[in-house]
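*Asks:* fold the following for me, if possible:
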Amino acid sequence: MTTTTLAVLVPLLPFLGAVSGLLLGRTVPGFVRPLAVLPTFASLVLAALVAVRQGGGAAITAHTELTPTGSIPIDLALDIDGFAALVAVLVGVVATCVQVYSTGYLRDDPRYPSYAALVSLFTSAMFLVVYSGDLIVLLVGWEVMGICSYFLVGHYWETPEARAASIKAFLVTKLGDVPFLIGLFALATDAGSFSIPKVLGAVASGNLHHPTLVALLLLAGVAGKSAQFPLHTWLPDAMAGPTPVSALIHAATMVAAGVYFVARLLPVFQASSAALIVLAVMAAVTMAGSGLAALAQDDIKRVLAYSTIGQLGYMTGALAVGDRGAAVFHLLSHGAFKALLFLAAGVIIHAAGTNSLAAMSRMSHLRDRVPDAYWTMTVALLALAAIPPFSGFFSKESVLGAAEHVATGHTGHAPGSAGWIVLVAGLLTALLTAAYATRLWLLAFRGRGAEAPDHGRQPLTMTVVLWVLAVPSLALGGLTYRLLPDWFDGRDLNPTLITSVLGTGLALVGVLVTYGAWQRTSALAARTPLGAVAAHPEGDAGLVEAEAIAGHKPAYGDVAYAPDPADPGRLLLGPLHRHAAVGFHLDAVYAALFVRPVQAGASLVRFLDREVVDTYVRGAAALPRLLGAAVRRAQTGNVQTYVSALLAGSVVLAVAVLLVATGA
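*Replies:* Numbering: from 1, shown residues only. Down below sits the predicted model:
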């Protein structure tokens, strides 16, 4: 079988599995789980074979005209380079793990058949984005992922949080997709083709006439899809969906699509220094802001959501300094440990029986109750904090090293200012990441919260997946930079000395400072009755407001709504905690700038429609109605009345004729 045929089957098999699952899910329920797992696993195997055959060498290309357009053709095309081959393997691994995990996590869910089918369709769409060699076909996969995320985030549609989160995710990403679509058409117009190789060829030959405009339009869509500032606000709220969906979205699909798109079309963005600086600023604000917000969250999934936003900021930062190898390297590494973090959080949530939320301040004695989640999450958090020799260390240091090379003028792939912006923000984020990772570990596994009901051992399919993902979280970074340089444009991915020392040193400072703050708050907590609210800088009202806006609810119904005072995040952030807990009020800003004006405009339109337009409509109907009433009064049914009226009319006509004749 040719490599092209194998590549075509990679997105096709999950799509067929999704269609079959939707058709047979309710009539033949025994086929639901095999149809969910087997096609996705087969796609993983085929994607691995494609990667082996591609070998980091020349791109595998094939195309056929999809439909005649009369102008710029649209091709059903493949363009698989080393980056595409590796990202497809990541998608297959995470999607397979999510499908296997979901068979246990949602085993009693009556909507599991539709859920599994949507996950398969989601996976197929991401494969299409990764392998596509045509921008319009890529856009199809891009948009299919958007609609799948809408349904999956709103899986628990009975809850208002899930309904609101699904609508918000859809609308915010669509807000970015409008300029993204315009940018695609502008790019194709300049290049004369939607084919990615031809577009890159046009850029290389200097035929891109509006590089800054095109790049900025495309960045709007990337910011929405990959949850970058200022369109990142949908991602924390999307935690209202099932935890396996969160793992899929955060690790291998949806948010990874934007980063991958920029990596594929990086020369387009490098054609504009202004676009790279904008990308660098966007990455820096995203990294630092999300790190502070993560340090203030109580729900474990919201911490991980802000963590994803920050790690994606590292990837966009690498792209801003012109190093797509470092960006994709971190994308692969992050995909492994972030999927593990979410699925381990799912085990905790499943053990607590809280459906989708798990407030860390209310956890207690989880280390002994969920040992698999404890050990594997510890590995993943060490990788997230970039502690050597875990995978996150190598990939994050490749980003910082690339930024340092640009900042010091060792390479001219991007403006030096972009290098300094990414480097400084990246080092600050290394400190914050280690701090919130340590806080999560301490509160989740050594917390002083209330004891939740024990819901028994977790299904084997859930715990096995955790250990499978723990392997790449531990070893992927070291193996990748040594064994796979050809897949990364031949770039040396070895960590550099200066950034390694600075980054690791700041990470260790973050760990130690957070641990010290936790010990101090624990001493206070020991003197505070369980369930009481400890004193904190914001005051009780600030605490209640922040957590109410953040959507937090008591994890256990028999526990008073009061957080464990042993929270180092409150001590570390001080007065900033209240603002960080609600994402620095960005949702409130958007509500004031966009939502309320739109609502006011809608109210005005409704008033004009009701009081002005409807008045004319009612008036137009009133006149015929009055005339009809007058005519109806004349229809008495009395013959004498009709004869009298006829005679009277005759007399009137005779007089009128006589007057006219006399006047003549």
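
*Asks:* all strands of the stretch 401-550 of the chain, in order?
*Replies:* For the stretch 401-550 of the chain, strands defined by DSSP state E, counting those that start in this stretch do not occur.

*Asks:* got it, and the chain?
*Replies:* Along the chain, counting by DSSP state E, strands occupy 60-67, 74-80.

*Asks:* ranking those strands by burial, who's on top?
*Replies:* Comparing the strands of the chain by mean neighbour count (mean count of other Cβ atoms under 10 Å), strand 74-80 comes out on top with a mean of 21. C-beta here means a position set from N, CA and C on the backbone, and glycine is covered the same way.

*Asks:* give the other helices and strands that it contacts.
*Replies:* On a contact count with 3 or more Cβ pairs under 8 Å, 6 or more residues apart in numbering; DSSP states H and E, strand 74-80 meets helix 3-24, strand 60-67, helix 112-131, helix 135-153, helix 196-204.

*Asks:* let's see the first one as CSV, backbone CA atoms only.
*Replies:* Going back to what we said before, that points to helix 3-24. Extracted in CSV, the C-alpha atoms of helix 3-24 (Å, rounded to 0.1, in the frame of the first residue of the first chain):
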residue,chain,number,x,y,z
THR,A,3,2.2,6.1,1.6
THR,A,4,-0.4,8.3,0.0
THR,A,5,-3.1,5.7,0.4
LEU,A,6,-2.1,5.2,4.1
ALA,A,7,-2.3,9.0,4.6
VAL,A,8,-5.7,9.2,3.1
LEU,A,9,-7.0,6.5,5.4
VAL,A,10,-5.7,8.3,8.6
PRO,A,11,-8.5,10.9,8.7
LEU,A,12,-11.0,8.7,6.8
LEU,A,13,-11.1,5.9,9.4
PRO,A,14,-12.2,8.0,12.4
PHE,A,15,-14.8,9.7,10.1
LEU,A,16,-16.3,6.4,9.1
GLY,A,17,-16.2,5.3,12.8
ALA,A,18,-18.1,8.5,13.7
VAL,A,19,-20.8,7.9,11.0
SER,A,20,-21.2,4.3,12.0
GLY,A,21,-21.4,5.1,15.6
LEU,A,22,-24.2,7.7,15.0
LEU,A,23,-26.1,5.2,12.9
LEU,A,24,-25.7,2.1,15.0
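
*Asks:* list of residues touching that helix?
*Replies:* For helix 3-24, the external contacting residues (Cβ atoms under 8 Å, 6 or more residues apart in numbering) are 31-32, 35-36, 38-40, 42-43, 46-47, 49-50, 53-54, 60, 62, 78, 80, 88, 92, 95, 113-114, 116-118, 120-121, 123-125, 127-128, 131, 141.

*Asks:* and these, which are buried?
*Replies:* If you count burial by 16 or more other Cβ atoms under 10 Å, the buried members of the contacts of helix 3-24 come out as 32, 35-36, 39-40, 42-43, 46-47, 49-50, 54, 60, 62, 78, 80, 88, 92, 95, 113-114, 116-118, 120-121, 123-125, 127-128, 131, 141.

*Asks:* ok so, going back, and the helices and strands packed on strand 74-80 as JSON lines, adding distance to P495 and mean pLDDT?
*Replies:* Formatted as JSON lines, the helices and strands packed on strand 74-80 follow (distance: least, Cβ to Cβ, whole Å; pLDDT from 0 to 100):
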{"stretch": "helix 3-24", "distance to P495": "33", "mean pLDDT": "93"}
{"stretch": "strand 60-67", "distance to P495": "31", "mean pLDDT": "84"}
{"stretch": "helix 112-131", "distance to P495": "27", "mean pLDDT": "95"}
{"stretch": "helix 135-153", "distance to P495": "33", "mean pLDDT": "95"}
{"stretch": "helix 196-204", "distance to P495": "30", "mean pLDDT": "93"}
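
*Asks:* point out the most buried one among these.
*Replies:* Buried most deeply of these, by mean count of other Cβ under 10 Å, is helix 112-131, with a mean of 26.

*Asks:* packing partners of it?
*Replies:* So helix 112-131, by 3+ Cβ pairs under 8 Å, 6+ apart, packs with helix 3-24, helix 32-54, strand 74-80, helix 82-105, helix 135-153, helix 243-251, helix 255-264.

*Asks:* endpoints of stretch 52-62, how far apart?
*Replies:* This stretch, stretch 52-62, spans 18 Å end to end (Cα to Cα, to the nearest Å).

*Asks:* by mean pLDDT, flag the weakest helix or strand of the protein.
*Replies:* helix 539-549 (a mean of 34; mean pLDDT, DSSP states H and E).

*Asks:* pLDDT below threshold where in this structure?
*Replies:* Applying pLDDT under 70 to the chain flags residues 352-358, 361-362, 364-365, 448-456, 477-485, 490, 525-565, 664.

*Asks:* contacts only, for the closest residue to G291 other than its chain neighbours.
*Replies:* Nearest residue to G291, sequence neighbours excluded (Cβ to Cβ, 6 or more residues apart in numbering): L432, at 3.0 Å. Going by Cβ under 8 Å, 6+ apart, L432 touches A288, G291, L292, A294, L295, G310, G510.

*Asks:* need the contact list for A296.
*Replies:* A296 sits next to A546, G569, R570, L573, L576, H577, A580, A581 when contact means Cβ under 8 Å, 6+ apart.

*Asks:* W420 now?
*Replies:* Counting by Cβ under 8 Å, 6+ apart, W420 touches A403, A407.

*Asks:* relative to A414, how far out is it?
*Replies:* Distance, W420 to A414, by Cβ to Cβ, to the nearest Å: 11 Å.

*Asks:* before we move on, back to that, so which of the helices and strands packed on strand 74-80 is nearest A523?
*Replies:* Judged by Cβ to Cβ, the one of those that comes nearest to A523 is helix 135-153, at 40.4 Å.

*Asks:* quick check: angle from that closest one to strand 74-80?
*Replies:* Orientation check (axes from the mean of the first three to the mean of the last three Cα atoms, to 10 degrees): helix 135-153 against strand 74-80 gives 80 degrees.

*Asks:* same for helix 135-153, what does it pack against?
*Replies:* strand 74-80, helix 112-131, helix 160-191, helix 196-204, helix 211-225, helix 243-251, helix 255-264.

*Asks:* quick one, helices of the stretch 301-450 of the chain?
*Replies:* Listed in chain order, the helices of the stretch 301-450 of the chain (DSSP state H, counting those that start in this stretch) span residues 324-352, 366-369, 371-384, 391-407, 416-445.

*Asks:* perfect, I'm done here.
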